[in-house]
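# Sharing a sequence plus its predicted fold:
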Protein chains: 2
Amino acid sequence: MELDASTLPALARGCAILGAGGGGDTEIGLLASLQAVEDHGAVPLVDLDELDDEALIMPCGGVGAPTVSIEKIESGDEGGRLREMVETLWNRQVVALMSAEIGGSNGIIPVVWAARIGLPVVDADGMGRAFPEIPQVTMEIAGISPNPAVMTDERGNVIVFRATDGDWMERMERAAAVEFGGMSWSSEYQLTVGQAKAGAVVNHAVSLAIRLGTVVAQAEHDPVEALAREIHAARLIVGKIVDVERRTTAGFVRGSATIEGLDADAGRTLRLEIQNENLVALEGERALAMVPDIITVLDSESANAISTERLRYGQRVTVIAFPCDPIWRTARGLELAGPRHFGYDLDYAPVEDLHALA
Amino acid sequence: MELDASTLPALARGCAILGAGGGGDTEIGLLASLQAVEDHGAVPLVDLDELDDEALIMPCGGVGAPTVSIEKIESGDEGGRLREMVETLWNRQVVALMSAEIGGSNGIIPVVWAARIGLPVVDADGMGRAFPEIPQVTMEIAGISPNPAVMTDERGNVIVFRATDGDWMERMERAAAVEFGGMSWSSEYQLTVGQAKAGAVVNHAVSLAIRLGTVVAQAEHDPVEALAREIHAARLIVGKIVDVERRTTAGFVRGSATIEGLDADAGRTLRLEIQNENLVALEGERALAMVPDIITVLDSESANAISTERLRYGQRVTVIAFPCDPIWRTARGLELAGPRHFGYDLDYAPVEDLHALA
């Protein structure tokens, strides 16, 4: 498959759905990627099976607060600088770029860079969704080192990090992203195709996003219904956003959104807790869904996903939740990205145990 | 000359005097260096003329807030890690360490590392004093690149920075130092011996510090008087500290100290403005001395310099000021480290134009 004007709009739509509200706004990423493929030609989407086991994959994307990412956009050269430094540090060539997270704009930005530097994008990612923190990737679970990480900004500054562990990588990168103004661009957890094939990534994440975007675009009557069936999602509430609280702090967006039910859901109130992504959906004291499962806010008409930085009073929305990649339900997966990691006193319960799925 | 138990105490004393209150507490640095030379043998102090012009010098020291440096001390391995990464990045060997700043503990810490890794220390530094910010070094004035900079902490994290300019190096390194807990250890502005000889460093800074420390130690009657004569210092006030305001913020110590005059100076009040170092000495609206000239607070009895983080109510002190290295009085020197750089609406006036010097 090729990533070009015929597939990128569906990819953007699918990335937004998989993003759980995070990963950055897909509209800007879509515009940048359309421009890049117009200028430099389509980007091949390659399957892991097409690549040599010894070849080096460069995961990459943005680090910072989504609220900032819609105002402070990349220059386009960041990916080239990251690749150059990664190749220097590894003393070998990068064969393909990979989205560190398929969710949100981070699922598309690697396409922009790949077009500009003439590399393919591999059909996989490191999350199957979006998460706020650096070590919340499947490569960490697989025991791949985050080192060396490379970060750059739109000005041309470059930083190389060698951390004692993933937590220190998160702290160091976050501090640098904040100093750069709240957003920056990075690569960490570089890996070989062989390691990726052995389960260190979420395979076929890009084609999944394109498929979801296509389902929504081609739905004849009720795109929300069509999408929910495709991904086996639970509908948590259909309603209206009545309150949004949002702070950009310490390199994250933190806050909450409150949705009041309409029609069949009249009288119900759902509260989403946010750290870049939608982490937990609460009705009163009861958790209706929680990380690592994917909670996404859809426009009730179009089924377009609304990112956390775009939530606002009055939007008519349907909140859905659907199962994450199974790797996040392992002990190590939950330790890295389960509700307790984010400070919630909740035992993880899979969304399908809490609700009938579509 | 060798740096060992016979010379290190004088070096520490001299570094404190040249530090303008900053560069970190010399007591801890002295203890660490005495231990290092006991364990590993004396460190040769080499003159630039003894080294090959093509050889690489590694400037190094601590970055952060002096208030933190007296509680969060280095593990000893930091210098070895910095050297290893510098040698990797340059693909050549480091022939000698150099204090990036001779002032305070930063004039001694390279001796600790040199002893442990078996390298000499070169008799020079990059300031001839201490300054709070990374690009405030003579190498910057000489057009040497700050890249690549290497930073490490006591845990073993390592960061490499390639900045677009010295100001961005300062911002990135400061943010990392804050994340590391307020102190870290770094090398930047690596240079060849040839560049150093051509004027990119302050030559003989280490032997100067030892000489000043020796003068104070050997003074028979009035060590303050002996020191003032040796360095041609003006005595700004003799008095008692009556107020200290100090905040550890954004990787710096900021604040002020107020000294009330005693005896001949009774009725006078001097205020020192502090950012790690003593920046400006004010009597009412009038500046009695200012950066880049060196303002140092001495214990009136012993002539031991008191660092900004050790100032406290009731200390009997003599505040002296003496001329900085001439390179700081050039247009570029004043732009980098003159009073306006630090936000003071003052035209620089050399200390010898304001006072009769000893």
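Perfect, thanks for sending it. Note that the structure is predicted; figures quoted are calculated from it, not measured.
# What pairs with whichever helix or strand A:Gly255 is part of, parallel or antiparallel?
Secondary-structure element containing A:Gly255, defined by DSSP states H and E: strand A:252-261. Under the criterion DSSP bridges, strand A:252-261 sits next to strand A:234-249 (antiparallel), strand A:269-275 (antiparallel) in its sheet.
# Could you check how far the residue of the stretch 251-358 of chain A found nearest chain B is from B:Leu236?
Closest contact between the stretch 251-358 of chain A and chain B, by C-beta to the nearest C-beta, is at A:Gly251 (10.6 Å). For every residue, glycine as well, the C-beta is placed using N, CA and C. Noted for A:Gly251: a distance of 44 Å to B:Leu236, by C-beta to C-beta, to the nearest Å.
# Let me know the average pLDDT across the strand holding A:Gly255.
The average pLDDT for strand A:252-261 rounds to 92.
# Quick one: the helices in the stretch 1-150 of chain A, in order.
Along the stretch 1-150 of chain A, the segments classed as helices by DSSP state H, counting those that start in this stretch run A:8-18, A:26-40, A:66-69, A:78-90, A:109-117, A:138-141.
# who's in contact with the third one?
Pointing back at helix A:66-69 there. Residues from elsewhere that reach helix A:66-69 (C-beta atoms under 8 Å, 6 or more residues apart in numbering or on different chains): A:22-25, A:28, A:62, A:104-105, A:181-183, A:246, A:248, A:253, A:276, A:307-309.
# Going by neighbour count, which of the residues you listed are buried?
Buried residues within the contacts of helix A:66-69, defined by neighbour count using 16 or more other C-beta atoms under 10 Å in any protein chain shown: A:22-25, A:28, A:62, A:104-105, A:182-183, A:246, A:248, A:253, A:276, A:307-309.
# Name the residues of chain A found near chain B, please.
Counting by C-beta under 8 Å from any C-beta of the partner chain, the residues of chain A close to chain B are A:155-164, A:168, A:171-172, A:174-176, A:178-179.
# try it again with 10 Å
Counting by C-beta under 10 Å from any C-beta of the partner chain, the residues of chain A close to chain B are A:81, A:85, A:88-89, A:147-153, A:155-165, A:168-169, A:171-180.
# So which of these sit within helices?
In helices, judged by DSSP state H, the following of these are found: A:81, A:85, A:88-89, A:168-169, A:171-179.
# Among these, give me the pair with the biggest separation.
The distance between the two most remote of these (C-beta to C-beta) is 26.1 Å, for A:Thr88 and A:Val178.
# More neighbours: which of the two?
Taking neighbours as other C-beta atoms under 10 Å in any protein chain shown, A:Thr88 and A:Val178 compare with A:Val178 leading, 23 against 13.
# sorry, back to before: angle of the strand holding A:Gly255 against helix A:166-179?
90 degrees (axes from the mean of the first three to the mean of the last three C-alpha atoms, to 10 degrees).
# Now do the SS call for A:Val216.
Classification of A:Val216 by DSSP: H, G, I helix; E, B strand; the rest coil places it in helix.
# Quick check: it touching A:Ala303?
Yes: contact criterion C-beta atoms under 10 Å: A:Val216 and A:Ala303 qualify, at 4.7 Å.
# For these two, list the residues in contact with both.
A:Arg13, A:Ile17, A:Pro223, A:Val224, A:Ala226, A:Leu227 (C-beta atoms under 10 Å, 6 or more residues apart in numbering or on different chains).
# ok, of these, which one's closest to chain B?
For the shared contacts of A:Val216 and A:Ala303, the closest approach to chain B (C-beta to the nearest C-beta) belongs to A:Ile17, at 34.0 Å.
# did I read that right, A:Ser321 in a strand?
Wrong residue type there; residue A:321 is Ala, not Ser. Yes: under three-state DSSP, A:Ala321 falls within a strand.
# In space, what's closest to it - neighbours in sequence excluded?
Nearest residue to A:Ala321, sequence neighbours excluded (C-beta to C-beta, 6 or more residues apart in numbering or on different chains): A:Ala289, at 3.5 Å.
# just A:Asp325 next, same as before
Of all residues not flanking A:Asp325 in the chain, A:Gly128 sits nearest, at 3.7 Å (C-beta to C-beta, 6+ apart).
# how much space is there between that neighbour and A:Thr138?
8 Å.
# can you list the domain ranges for chain A.
If you go by automatic domain parsing, the domain ranges for chain A are A:2-206, A:223-354.
# and A:Arg211, how many neighbours does it have?
Neighbour number of A:Arg211 under other C-beta under 10 Å is 16.
# For it, which residues are in contact?
By C-beta under 10 Å, 6+ apart, the neighbours of A:Arg211 are A:Ala10, A:Leu11, A:Gly14, A:His204, A:Glu230, A:Ile231.
# Kindly recompute the last result at 7 Å.
Taking C-beta atoms under 7 Å, 6 or more residues apart in numbering or on different chains as the contact definition, A:Arg211 lies against A:Gly14.
# for stretch A:181-193, what is the average pLDDT?
For stretch A:181-193, the per-residue pLDDT averages 95.
# try stretch A:71-83
For stretch A:71-83, mean pLDDT rounds to 88.
# tally of neighbours for A:Glu245?
Neighbours around A:Glu245, by other C-beta under 10 Å: 10.
# With A:Met58 instead?
Residues near A:Met58, counting by other C-beta under 10 Å: 28.
# excluding its backbone neighbours, what's nearest it?
A:Val94 (4.4 Å).
# What of A:Tyr348?
Closest residue in space to A:Tyr348, ignoring its immediate chain neighbours: A:Gly338 at 4.8 Å, by C-beta to C-beta, 6+ apart.
# where does the one you found fall, phi/psi-wise?
A:Gly338 adopts backbone torsions of phi -80, psi 180, taken as degrees, to the nearest 10.
# which residues touch the nearest residue to A:Leu336 once chain neighbours are set aside?
Among residues not flanking A:Leu336 along the chain, A:Gln136 sits closest, at 5.5 Å (C-beta to C-beta, 6+ apart). Counting by C-beta under 7 Å, 6+ apart, A:Gln136 touches A:Met127, A:Leu336, A:Ala337.
# Which one, of the helices of the stretch 1-150 of chain A, ends up nearest to A:Thr192?
Comparing those against A:Thr192 with C-beta to C-beta, the closest turns out to be helix A:78-90 (10.2 Å).
# contacting residues around the closest one?
Against helix A:78-90 from outside (C-beta under 7 Å, 6+ apart): A:56, A:58, A:60, A:93-94, A:97, A:110, A:113, A:116-117, A:148, A:150, A:152, A:154, A:158, A:160, A:185, A:187, A:190.
# Drop the exposed ones from those residues and show what's left.
Burial by neighbour count, 16+ other C-beta under 10 Å: within the contacts of helix A:78-90 this picks out A:56, A:58, A:60, A:94, A:97, A:110, A:113, A:116-117, A:148, A:150, A:152, A:154, A:158, A:160, A:185, A:187, A:190.
# Looking at these, which are in strands?
Members of the buried ones among the contacts of helix A:78-90 lying in strands (criterion: DSSP state E): A:Leu56, A:Met58, A:Cys60, A:Val94, A:Leu97, A:Val150, A:Thr152, A:Val158, A:Val160, A:Trp185, A:Ser187.
# Export those as a markdown table, with columns for distance to B:Asp77.
Converted to a markdown table, those look like this (distance: C-beta to C-beta, whole Å):
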| residue | distance to B:Asp77 |
| --- | --- |
| A:Leu56 | 30 |
| A:Met58 | 31 |
| A:Cys60 | 32 |
| A:Val94 | 32 |
| A:Leu97 | 36 |
| A:Val150 | 24 |
| A:Thr152 | 29 |
| A:Val158 | 25 |
| A:Val160 | 19 |
| A:Trp185 | 31 |
| A:Ser187 | 28 |
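# what's the closest non-adjacent residue to A:Ile117?
Counting by C-beta to C-beta, 6+ apart, A:Ile117 lies nearest to A:Gly80, which is 4.9 Å off, once chain neighbours are set aside.
# Next: A:Thr214.
Nearest residue to A:Thr214, sequence neighbours excluded (C-beta to C-beta, 6+ apart): A:Ala10, at 4.6 Å.
# Can you report how many residues lie near the one you found?
Count around A:Ala10 with other C-beta under 10 Å applied: 19.
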